[in-house]
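Colleague: Curious how this folds, go ahead:
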Amino acid sequence: QSQITTDRYIYICGELTQVNGDSSAFLAKFTDLGVLVWDRTLLPSASNKVARWKSMYLDETSEENELIYLIGETESQTTATYNPDILVAKYESGFDNANAPEGIVRWQKEIAGVSGSARRDYAGDIHLDDEQRVYICGWTDTNSPDPNDIWVMQLNNLGAVSYTHLRAHETREDRRSRIL
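Modeller: Model prediction:
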């Protein structure tokens, strides 16, 4: 996914495959001419790992620097039955100690077992409200005849989960991939 700022910078997020077959979540900022300003990759610590960003929300107004909120997924072959899990993070487009442009991690977390410890949780979308609350959504496989059920979560601005809502339907599958 990509987002363009009012100053014409471009943010891109997604997944990069490593030489050894692992996959890392990728976030980068470019100028309007395509010059890389900074990039960040995130590789989970488990063996045979996968991480990917699926959606981002760009906040240009809350602070002096741009804030980037991301939702994605992680997988590990050691717990393949329960893959994927949710990955969520907040980055600041700022400067490091040497005053070089940098994507600074404010917080990041993995969330497993949205609807139980033996479920697969899929990332959908991320959004920020006027009071800096983060909303994420997706769907979960509940291992039932109609397995895909919607979940929505609210996190505070520090990444702590405020509440989770799961909507299960007895006779049909539901998937939530966007927050409007």
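Colleague: Adjacent strands (with direction) for the worst-scoring helix or strand of the chain on mean pLDDT?
Modeller: Sorted by mean pLDDT, DSSP states H and E, the helices and strands of the chain end with strand 161-167, the least confident at a mean of 74. The strands beside strand 161-167 in its sheet (DSSP bridges) come out as strand 148-155 (antiparallel).
Colleague: list the buried ones in the strand it pairs with?
Modeller: Of all the residues in strand 148-155, those buried under the rule 16 or more other CB atoms under 10 Å are 148, 149, 150, 151, 152, 153, 155. All C-beta spots, glycine's among them, are computed from the backbone N, C-alpha and C.
Colleague: Alpha carbons only: can I get the least confident helix or strand of the chain in PDB?
Modeller: Taking C-alpha atoms only, strand 161-167 is exported to PDB below (Å, rounded to 0.1, in the frame of the first residue of the first chain):
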ATOM      1  CA  VAL A 161      -5.900  -2.700  23.700                       C
ATOM      2  CA  SER A 162      -8.900  -0.900  25.000                       C
ATOM      3  CA  TYR A 163     -11.500  -3.300  23.700                       C
ATOM      4  CA  THR A 164     -12.100  -6.100  21.200                       C
ATOM      5  CA  HIS A 165     -15.400  -6.900  19.500                       C
ATOM      6  CA  LEU A 166     -16.000 -10.100  17.600                       C
ATOM      7  CA  ARG A 167     -19.000 -10.600  15.400                       C
END
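Colleague: quick revisit: could you single out the nearest of the buried residues of strand 148-155 to residue 73?
Modeller: residue 151 (13.3 Å; CB to CB).
Colleague: separation between the closest residue to residue 73 other than its chain neighbours and residue 93?
Modeller: Residue nearest to residue 73 in three dimensions, not counting chain neighbours: residue 84, with 3.7 Å by CB to CB, 6 or more residues apart in numbering. Residue 84 sits 27 Å away from residue 93, going by CB to CB, to the nearest Å.
Colleague: Output the buried residues of strand 148-155 in JSON lines; the columns should cover pLDDT and distance to residue 134.
Modeller: As requested, the buried residues of strand 148-155 are exported to JSON lines (pLDDT from 0 to 100; distance: CB to CB, whole Å):
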{"residue": "148", "pLDDT": "73", "distance to residue 134": "23"}
{"residue": "149", "pLDDT": "77", "distance to residue 134": "21"}
{"residue": "150", "pLDDT": "81", "distance to residue 134": "17"}
{"residue": "151", "pLDDT": "81", "distance to residue 134": "14"}
{"residue": "152", "pLDDT": "88", "distance to residue 134": "11"}
{"residue": "153", "pLDDT": "89", "distance to residue 134": "8"}
{"residue": "155", "pLDDT": "93", "distance to residue 134": "4"}
